[in-house]
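Asks: below: sequence and its predicted model.
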Amino acid sequence: MKRIVLVWLGLVLAALPLGGCLGYVRGVESVPYFGENQPEADKYLDFSGVSIYVDVKNTTTTHEAFWIGREVPLLPVYLSVREKPTFGWKLGDPLQIKTIVNIQRPGFLFDPAQLVLTVGEQEYALKSALVHHGPGPAEAELKPVAKPMVLDDTSGPYQFTLIFAQPTLPPQEIMILDLSRALRHPELPGLPKIHFSKVSWSRWYSRDFSAGKP
């Protein structure tokens, strides 16, 4: 009798539509800071006359768990737990740092040739710098920065992608980004060196299958 009940219950659950899934992920990433300040979780750093968003493209997912369930309510029918790290980049990809520069005063000069990234005792060579400024998606409108450029528009951000010759580094590597000569204003003090710290992150996510969208 018990086996009949279990079979019947299984058939009922199988007939119900999938309700959705709920997941939890956590990992590590490089988060910027300067001086004696704590790493900024939102990755925005405020300086005199300018704020800069700095994002190293090296996010690593270390753990993920999710279950898929059926409706009334979300009855779990499948559970997956993954402990193997996954990376937000491909092995051998060049290191990229995304920066969003918001100036409060016109007259800043950006010269990518003066940028210095130090990893341990080694200096990383900048391969190219791309910029987007104005309306439209940044990824579709990136243009190379071939020479020093003046930043005069305070109404919107300048979005830069800095691409280095060396491969992407995991978050535990010690990195220092020196923009003091690469981004400067003749009337303002120079920017301090930007350090990076390995910081853990986590988030929950869900998807509603019945609605056909997350």
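Replies: Noted; the coordinates are in hand. Since this is a predicted model, take the numbers as computed values, not measurements.

Asks: quick check: neighbours of the host helix or strand of residue 54 in the sheet, parallel or antiparallel?
Replies: Per DSSP states H and E, residue 54 falls inside strand 50-56. Strands adjacent to strand 50-56 in the sheet, as given by DSSP bridges, are strand 44-47 (antiparallel), strand 94-103 (antiparallel).

Asks: buried stuff in it?
Replies: In terms of neighbour count (16 or more other Cβ atoms under 10 Å), strand 50-56 has its buried residues at 50, 52, 53, 54, 55, 56. To be clear about C-beta, it is placed using only N, CA and C from the backbone, and glycine gets the same treatment.

Asks: got it, and stretch 133-152?
Replies: 133, 138, 145, 149, 151.

Asks: quote the end-to-end distance of it.
Replies: By Cα to Cα, to the nearest Å, the extent of stretch 133-152 from end to end equals 11 Å.

Asks: got it, and stretch 176-189?
Replies: 19 Å.

Asks: parallel or antiparallel, list what pairs with the helix or strand residue 24 falls within.
Replies: In the assignment (DSSP H and E), residue 24 maps to strand 18-33. According to DSSP bridges, strand 18-33 forms sheet pairs with strand 60-70 (antiparallel), strand 194-208 (antiparallel).

Asks: pLDDT (mean, whole number) over the first one?
Replies: If you average the pLDDT over strand 60-70, you get 74.

Asks: next one: stretch 94-110
Replies: Per-residue scores along stretch 94-110 average to 95.

Asks: could you check it and say which residues are buried?
Replies: Neighbour-count burial for stretch 94-110, counted by 16+ other Cβ under 10 Å, picks out 95, 96, 97, 98, 99, 100, 101, 102, 103, 108, 110.

Asks: from residue 44, how far off is the residue nearest to the fifth one when sequence neighbours are not counted?
Replies: Counting by Cβ to Cβ, 6 or more residues apart in numbering, residue 99 lies nearest to residue 160, which is 4.6 Å off, once chain neighbours are set aside. Computed with Cβ to Cβ, to the nearest Å, the distance linking residue 160 and residue 44 is 15 Å.

Asks: no further questions, thank you.
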